[in-house]
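Novice: Structural data only, the sequence is not supplied:
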């Protein structure tokens with residue numbers, strides 16, 4: 001059964017995640033305040049950043065960088081994007 005939350009990213013009621021995406025307070029905050037759609041959007045953005053910048057998830061600095069970019073993304077602040085990426089037209 002789905003649950004609705006007020007999504008911080010989209011600023012409206014939307015379907016929430018089924019489970020926290022990571023352990024700890026940050027995971028609980030995402031579970032409580034970020035929609036499933038916004039999480040999927042972040043996952044795509046994160047994948048592009050990892051691939052474009054050749055990031056290694058084994059590096060603690062990479063994980064800190066991605067956490068910071070994730071917070072900026074969910075708070076609708078400017079965040080790093082993959083260079084040269086043009087979103088598809090709707």
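Specialist: That came in fine, so what should we check first? Everything numeric here is computed off the predicted structure, so don't read it as measured data. Residues are numbered from 1 along each chain as shown.
Novice: Helix or strand for the residue nearest to residue 42 when sequence neighbours are not counted, just tell me which one.
Specialist: Once flanking residues are discounted, residue 42 sits nearest to residue 73: 5.5 Å by C-beta to C-beta, 6 or more residues apart in numbering. The C-beta positions use only the backbone N, C-alpha and C, and glycine is treated the same way. Using DSSP states H and E, the element containing residue 73 is helix 60-74.
Novice: got it, and residue 58?
Specialist: Residue 58 belongs to no helix or strand, assigned by DSSP H and E.
Novice: so who does it touch?
Specialist: Contact analysis of residue 58 by C-beta atoms under 8 Å, 6 or more residues apart in numbering lists nothing.
Novice: what's the answer for residue 21, then?
Specialist: 27, 30, 31, 39.
Novice: Distance-wise, check the closest residue to the last one other than its chain neighbours relative to residue 28.
Specialist: The one in question is residue 39. The shortest distance from residue 39 to any non-neighbouring residue, by C-beta to C-beta, 6+ apart, is to residue 17 (5.9 Å). Applying C-beta to C-beta, to the nearest Å, the value for residue 17 to residue 28 is 11 Å.
Novice: The two: which has the busier surroundings?
Specialist: Using other C-beta atoms under 10 Å as the criterion, residue 17 and residue 28 rank with residue 17 on top: 19 against 13.
Novice: before we move on, the earlier item: are any of the contacts of residue 21 buried, and if so which?
Specialist: Among the contacts of residue 21, those scoring as buried are 30, 31, 39 (criterion: 16 or more other C-beta atoms under 10 Å).
Novice: tally of neighbours for residue 22?
Specialist: Residues near residue 22, counting by other C-beta under 10 Å: 13.
Novice: my guess is residue 82 is in a helix, correct?
Specialist: No: secondary structure of residue 82 (DSSP: H, G, I helix; E, B strand; the rest coil): coil, not part of a helix.
Novice: Distance of it relative to residue 51?
Specialist: Distance from residue 82 to residue 51, by C-beta to C-beta: 7 Å.
Novice: which of the two has more neighbours?
Specialist: Higher neighbour count among residue 82 and residue 51: residue 82, with 13 against 10, using other C-beta under 10 Å.
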